[in-house]
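Trainee: build me a model from this:
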Amino acid sequence: MLDIEKIKEIEKENKNKKKLLDIKYESLPFTDFLNPRYTTTVKVKGQKLYDFSKKNSIPFFNLTSACFLKAANEIPELKRCIIDKQVYEYENINAMTPIFMPDKTVKYIKIPPLHYFKSFKEWNEYLQYKKKNIEKENCTLDAYTKDEEPIIYLSCIPWIHFESMTNVVSTPQQINPAVVWGKLEENKIPISLTVSHIFFYGYHFKLFFEGVEKYFDNPELITNN
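Mentor: Presented below is the predicted three-dimensional model:
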């Protein structure tokens, strides 16, 4: 049986754990740019992941989110932030995702990383619990201070197989990464990753999408944990 209180205690204990990096703010590139954020969209093979989710009765949204969250937590540059002109790196990043409601509005829930849990099954059950209890679990972040929490935004647009995507920017110095993915068509899922060029370069896009491809092609690497 899922121990909700114990899981929430683990989340609380690990909330916002970070280390100060020996990186001078003045040495960082692009900090004076109007908008140092940029986006790359890649289409990744997704039919195997979809078939695996159906065969194992795992919501496709949940399994896809797990792959993104796992891949993101493996890249230190995605876990960095700037607070009061000091550079930090979070120990872990959580996901925040909108849930589409019956009245066509959205509410948001936070999704903790998989390694907080004994198994993928427990993580999946907790995510289902949050979605089912959305009125209680709904959360929001102040748009101007959200970099002070370790968050990657995950958002699915399942009705559209898009070619590219942009994301909103609350402040010029916004660091939080964002992933948007679309409709599976002809074995491909469009995935858009928005990041800050202050920490993230083309090589890091390569690392992220290689991680996503690895977990999409081998979902058992996620579910067997």
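
Trainee: CA atoms for contacts and neighbours, from now on please.
Mentor: Will do.

Trainee: where does residue 53 sit: helix, strand or coil?
Mentor: For residue 53, the assignment made with DSSP: H, G, I helix; E, B strand; the rest coil gives helix.

Trainee: how about residue 108?
Mentor: Residue 108 - assigned by three-state DSSP - is strand.

Trainee: surely it is in contact with residue 95?
Mentor: No: between residue 108 and residue 95 there is no contact under Cα atoms under 8 Å: 10.1 Å.

Trainee: which of the two has more residues huddled nearby?
Mentor: Shown here are residue 108 and residue 95; by other Cα atoms under 10 Å, residue 95 has more neighbours (23 against 19).

Trainee: my read is the more buried one is in a helix, agree?
Mentor: No: Residue 95: not assigned to a helix; according to three-state DSSP it is strand.

Trainee: let me see the contact set for it.
Mentor: 69, 110-113, 151-154 (Cα atoms under 8 Å, 6 or more residues apart in numbering).

Trainee: out of those, list just those in strands.
Mentor: Among the contacts of residue 95, the ones falling in strands (DSSP state E) are 110-111, 151-154.

Trainee: what subset of those residues is buried?
Mentor: Those of those that meet the buried threshold are 110-111, 151-154, by 16 or more other Cα atoms under 10 Å.

Trainee: quick one: buried residues of the longest helix seen in the chain?
Mentor: The longest helix of the chain (DSSP state H) is helix 202-217. Neighbour counts using 16+ other Cα under 10 Å place 204-205, 208-209, 211-213, 215-217 of helix 202-217 among the buried residues.

Trainee: for the residue in the chain sticking out farthest from the centre, give me the pLDDT.
Mentor: Most distant from the centre of the chain: residue 26, at 28.2 Å, with distances by Cα atoms, centre = their mean. As predicted, residue 26 sits at a pLDDT of 96.

Trainee: am I right that it sits in a helix?
Mentor: Yes: counting by three-state DSSP, residue 26 falls inside a helix.

Trainee: relative to residue 155, how far out is it?
Mentor: To residue 155, residue 26 is 33 Å away according to Cα to Cα, to the nearest Å.

Trainee: and what of residue 15?
Mentor: 22 Å.

Trainee: which residues touch the helix or strand of the chain with the lowest mean pLDDT?
Mentor: Within the chain, no helix or strand scores below helix 4-14, which has a mean of 90 by mean pLDDT, DSSP states H and E. Here helix 4-14 makes contact (Cα under 8 Å, 6+ apart) with 112, 116-117, 126.

Trainee: same question, stretch 64-79
Mentor: Against stretch 64-79 from outside (Cα under 8 Å, 6+ apart): 49, 89-95, 113-114, 150, 154, 176-177, 195, 199-200, 204, 207-208, 211-212, 215-216, 219, 222.
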